[in-house]
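Colleague: Turn this into a model:
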Amino acid sequence: MKKIFFTILTLCFFNIGTSQEIFIEPGVNFTSYKYKDIDNNTNANVKNAAGISFRVGLSDFSLFNKKFNYGISLQQFNATGGNTIDNYDWKTFYAGGFVEHNLPILNDIIYLRTSIESLFLIEGRQKIGGNTYNLINEKEMNGLWVNPTIGIKSPIVKTNIGSLDLGYNLSYAFKPGNQGSEKLSYVSNQLYLRFNIVNKKAIKLEEKVNEIEQQDVIEDTKIADSNLGDLDQNINNTKTTVVTIEQSKEVAPEVTIFFDLDSYIIDKNQYQKLESLATYLKNYTTHTIKISGFADEVTGEKSHNKILSKNRAQKVLDFLLSKGVPPSQCSIEGKGQTSKFNKELYDTNRRVEILIIKQ
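Modeller: Numbers count the residues shown, from 1 in each chain. Sure, this is the predicted structure:
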C-alpha cells in the first residue's frame, strides 16, 4: 500500500517541471460512518466527527478533449460515539491518488467538480474507554477503498500567477469486494480551499521547444523546396494563407504575437514586430489590418477563453493606436479557444494573428 502511494508521489514530483499548473488543497472532512455488524444491525450511537483533507495535484493531461488533473490525496475519516458505559472514537487516515475534472456551470463563477480516489489505510486507531486499538489489520478498514466525489468550486481570487478557489465536496468511500463480517462505508461533507499556481518555468520550456520545432520546420521546408528555385515564396506559403478579397484585395503575410498562459499582457520581446507593423501602416495608409485573438483550448474553460482572446486582440490594437496607427485601418475579433496550431505545445495557440489587407 505504501509503495503505491509513494509511486504516485514520485510521478507527481517528476512531472512538476512540465505541468503548467500546480495546486495545493487543504480542507476539512465531516464524516459519518455507515456501519453494520455481523447481524446486519446499525449503531445509532456512532456520530460524525471532523478530520483533515489534503490534496496536491497537477494540471497535466487531456482525454477526449477534456482537461483532467491528478495527484495525491490524504483523507482522515473520523467518528465518535458512546453509551451509558463507555465513550469511543475512531480515527482513520487514508492515502492514495485521484483524478478529477472540472466543468463550468455558470460562466467562470461556479464549476462542477467530479473526482475519484483510490485510497489505502495508513493509520487507524479506535479508543473504547481507556483502551486504544490498532485498526491497521482490521479487514473492514484496510485494503483498497474507492472514494468518488461530486461538488462545486468557485474562484475567489484570480491573478496572472495563480488563483484561490473555495469549494464543497460530497463523497462516499467504500471498499469493493469482500469486506469481512462487518460492513463499513464513509460519507463525508468536505469544505476546502484550493491554491492554484501557474508554473512559469514549464510555459517558458514549452516556448523554447516550440522555437526549436519551428526552426526545424523552416529548415525542412528549405530542403524540400530547394529544387523549385524560389525558396522565399515557398517558405511564405507554409506560414501564411494568401486569399483574394473581392478580387481586388490581396492579403499579405500575417504578423503573429504570442502571449503567456491566461494573460493578455504583451511581452516586451513582441514589441519590435508591432512597432515595425505600425511604421508600415503609417506609410501605406490605404492598407487595413484584421486582428484576430486566440486562446488555447486545453488550459482554460471555453467562456473564459472567448473573453481572453478578445482582450488579447484589444491589447494589440491599443498598442498600434498608441504608435499613431489610425483606428480606421484596424478591426479586431476574439476567436476564442483553438488547438489547430499545435495540439502538443499549447502556448503556440495563445496568440494574436494580424492579417494585412492591401487595397
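Colleague: I'd like the distance between Ile265 and Phe61.
Modeller: 27 Å (CB to CB, to the nearest Å). Quick note: C-beta positions are derived from backbone N, CA and C, even for glycine.
Colleague: can you check Phe54 too?
Modeller: Counting by CB to CB - Phe54 and Phe61 are separated by 22 Å.
Colleague: Dump whichever strand or helix holds Lys67 to PDB, restricted to CA.
Modeller: In this assignment (DSSP states H and E), Lys67 forms part of strand 66-82. Provided in PDB are the C-alpha atoms of strand 66-82 (Å, rounded to 0.1, in the frame of the first residue of the first chain):
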ATOM      1  CA  LYS A  66     -11.300  17.300 -21.700                       C
ATOM      2  CA  LYS A  67      -8.800  18.600 -19.200                       C
ATOM      3  CA  PHE A  68      -8.000  16.300 -16.300                       C
ATOM      4  CA  ASN A  69      -6.000  16.900 -13.100                       C
ATOM      5  CA  TYR A  70      -4.300  14.200 -11.000                       C
ATOM      6  CA  GLY A  71      -2.300  14.000  -7.800                       C
ATOM      7  CA  ILE A  72      -2.000  12.500  -4.300                       C
ATOM      8  CA  SER A  73      -4.700  12.500  -1.500                       C
ATOM      9  CA  LEU A  74      -4.600  12.300   2.300                       C
ATOM     10  CA  GLN A  75      -8.100  11.800   3.800                       C
ATOM     11  CA  GLN A  76      -9.000  11.400   7.500                       C
ATOM     12  CA  PHE A  77     -12.300   9.800   8.200                       C
ATOM     13  CA  ASN A  78     -13.200  10.100  11.900                       C
ATOM     14  CA  ALA A  79     -16.200   9.200  14.000                       C
ATOM     15  CA  THR A  80     -17.200   9.300  17.700                       C
ATOM     16  CA  GLY A  81     -19.800   7.800  19.900                       C
ATOM     17  CA  GLY A  82     -20.700   6.500  23.300                       C
END
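Colleague: Check the average confidence over that strand, would you?
Modeller: What strand 66-82 shows for mean pLDDT is 89.
Colleague: Remind me what that strand packs against, helices and strands.
Modeller: helix 2-15, strand 21-36, strand 47-63, strand 87-106, strand 110-128, strand 183-198 (3 or more CB pairs under 8 Å, 6 or more residues apart in numbering; DSSP states H and E).
Colleague: in that strand, what counts as buried?
Modeller: 67, 69-81 (16 or more other CB atoms under 10 Å).
Colleague: how about low-confidence regions in the stretch 201-350 of the chain?
Modeller: Residues of the stretch 201-350 of the chain meeting the criterion pLDDT under 70: 201-254, 339-347.
Colleague: rewinding a little: least reliable of the helices and strands packed on strand 66-82 going by mean pLDDT?
Modeller: Taking the mean pLDDT of those, helix 2-15 comes last: a mean of 52.
Colleague: related to what we said a few turns ago, just checking: what are the partner strands of the strand holding Lys67?
Modeller: strand 47-63 (antiparallel), strand 87-106 (antiparallel) (DSSP bridges).
Colleague: Just the angle for the longest one relative to strand 21-36, thanks.
Modeller: Relative orientation of strand 87-106 versus strand 21-36 (axes from the mean of the first three to the mean of the last three CA atoms, to 10 degrees): 130 degrees.
Colleague: Distance from the chain centre to strand 87-106, please.
Modeller: Relative to its parent chain, strand 87-106 has a centroid offset of 19 Å by CA atoms, centre = their mean, to the nearest Å.
Colleague: now swap in stretch 78-86 and tell me
Modeller: 43 Å.
Colleague: Can you give me the domain boundaries for this protein?
Modeller: 2-198, 240-358 (automatic domain parsing).
Colleague: Name the residue in Ile265 and Phe61 with the higher neighbour count.
Modeller: The neighbour comparison of Ile265 against Phe61 (other CB atoms under 10 Å) goes to Phe61, with 14 against 11.
Colleague: Next up, the contacts around the more buried one.
Modeller: Lys67, Phe68, Tyr70 (CB atoms under 8 Å, 6 or more residues apart in numbering).
Colleague: For it, give the beta-bridge partners.
Modeller: Assigned bridge partners for Phe61, using DSSP bridges, are Phe68.
Colleague: How much space separates it from Gly71?
Modeller: 12 Å.
Colleague: Same question for Ser276.
Modeller: 45 Å.
Colleague: can you pull the contacts of the closest residue to Ile128 other than its chain neighbours?
Modeller: Using CB to CB, 6 or more residues apart in numbering and skipping residues adjacent in sequence, the residue nearest Ile128 is Tyr88, 4.4 Å away. Counting by CB under 8 Å, 6+ apart, Tyr88 makes contact with Thr80, Gly81, Gly82, Gln126, Lys127, Ile128, Gly129.
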